[in-house]
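Chemist: Based on what follows, work out the 3D shape:
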Amino acid sequence: MNTTLINAEGRVLAAIDPSSYAEGVAALAAWAASRLGVPLELMHAIDRDAGGGKRDLSGMLALGTQEVLLAELTALDEERARVTQAHGRAMLERLQAGLAGQPGAVQVTLGQRHGELVQTLLDIEDDVRLFVIGKRGEHASVVTAHLGSNLERVVRAVRRPVLVASRRMRPIRRFMIAFDDSATTRKCVEMVALSPLLGGLECHLIAVGGKGGGAGLEWARARLAEAGFEPRIHALPGDPEEVIAHQVEALGIDLLVMGAYGHSRIRALIVGSTTTQLLRACEIPMLLLR
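Modeler: As a prediction, the model looks like this:
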């Protein structure tokens, strides 16, 4: 197996928070762990600011009251942190219990870590094969046009594949790879071919607006066929965001595979990238590969 393209070791790690996506993230992560034959960790990252954090309000307090009030504020912050941790643990245990009776049950461990989410994931990335995260987090708008800020930052920061969960898990029977013959999407094809994650599922390969057609698309088809897939080819005109979103719905696609954001500073500023637009538009999980 070509380990220069995929990490064949490590667990699936689901980043869980108290949002409406928690169940969907846990269910999708369990599906992925079962397909890969690896353990699953449900992890709750507790931001240091989540409990209020220690605040320096001494300049706002009159002399004689500072020590007493600051002590009370410190105690309040500690209590908030304790409640946040207890609530997070209860949430993880509830999700773990919900996964226990499902077909293809996997080994599930629970973890809580203190720190900002992106840095927490980077710290443990070497031992992770696949990250799973919700499209929106606890504090994000539920409006379709808005993504959770953590999602975009995580996808741009980590090197491992990221599986983005929708709010509700549904059976995954067919997937589509968005292909434009770039180096990134060629790597996507290679990674799909090398991994057992999507093996045996109905495969679709789409190229839009003249990007990825011709010899590149034939290479992708042949590579996937070599890996045991029977890819159905869609070479279509039009705007990639609109056409791919339409085809996802028209063909009943359950999972969309795309290249993730690049690391360059200029690339990171392109808010209207195809990846971002499709994350906003599609109501199905997306597998983002680098």
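Chemist: Helices of the stretch 1-150 of the chain, start to end?
Modeler: All helices of the stretch 1-150 of the chain, identified by DSSP state H, counting those that start in this stretch, fall at 22-36, 66-100, 117-124, 149-157.
Chemist: any chance of those helices in TSV, with mean pLDDT, distance to residue 246 and mean neighbour count too?
Modeler: For glycine as for every other residue, the C-beta is placed from the backbone atoms N, C-alpha and C. Shown next, in TSV, are the helices of the stretch 1-150 of the chain (pLDDT from 0 to 100; distance: least, C-beta to C-beta, whole Å; neighbours: other C-beta atoms under 10 Å):
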stretch	mean pLDDT	distance to residue 246	mean neighbour count
helix 22-36	95	23	24
helix 66-100	86	34	14
helix 117-124	94	33	17
helix 149-157	82	23	19
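Chemist: Mind checking those for the one nearest to residue 168?
Modeler: For the helices of the stretch 1-150 of the chain, proximity to residue 168 was assessed by C-beta to C-beta; helix 22-36 is nearest, at 5.5 Å.
Chemist: now what about the closest one, what contacts it?
Modeler: Residues outside helix 22-36 that contact it (C-beta atoms under 8 Å, 6 or more residues apart in numbering): 11-16, 39-40, 42, 91, 95, 98-99, 102, 104-106, 108, 129-130, 132-134, 163, 165-169, 172, 195-199, 285.
Chemist: which regions of the stretch 151-290 of the chain sit below the pLDDT cut-off?
Modeler: 211-213, 261-273 (pLDDT under 70).
Chemist: For it, which segments are assigned as strands?
Modeler: Ranges of strands in the stretch 151-290 of the chain, per DSSP state E, counting those that start in this stretch, are 162-165, 174-178, 202-208, 232-236, 255-259, 286-289.
Chemist: Redo those as JSON lines? Include mean neighbour count.
Modeler: Converted to JSON lines, these look like this (neighbours: other C-beta atoms under 10 Å):
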{"stretch": "strand 162-165", "mean neighbour count": "25"}
{"stretch": "strand 174-178", "mean neighbour count": "23"}
{"stretch": "strand 202-208", "mean neighbour count": "23"}
{"stretch": "strand 232-236", "mean neighbour count": "16"}
{"stretch": "strand 255-259", "mean neighbour count": "24"}
{"stretch": "strand 286-289", "mean neighbour count": "23"}
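Chemist: Distance check, the closest residue to residue 105 other than its chain neighbours against residue 281.
Modeler: Spatial nearest neighbour of residue 105, excluding adjacent residues (C-beta to C-beta, 6 or more residues apart in numbering): residue 99 at 6.6 Å. Taking C-beta to C-beta, to the nearest Å as the measure, residue 99 and residue 281 are separated by 29 Å.
Chemist: Ok, residue 229 next?
Modeler: 25 Å.
Chemist: For these two, work out which one has more neighbours and name it.
Modeler: Taking other C-beta atoms under 10 Å, residue 229 and residue 281 do not tie; residue 229 has more neighbours (23 against 16).
Chemist: so what's the closest residue in space to that one that isn't next to it in sequence up against?
Modeler: Using C-beta to C-beta, 6+ apart and skipping residues adjacent in sequence, the residue nearest residue 229 is residue 203, 4.2 Å away. Going by C-beta under 8 Å, 6+ apart, residue 203 touches 174-177, 224, 229-232.
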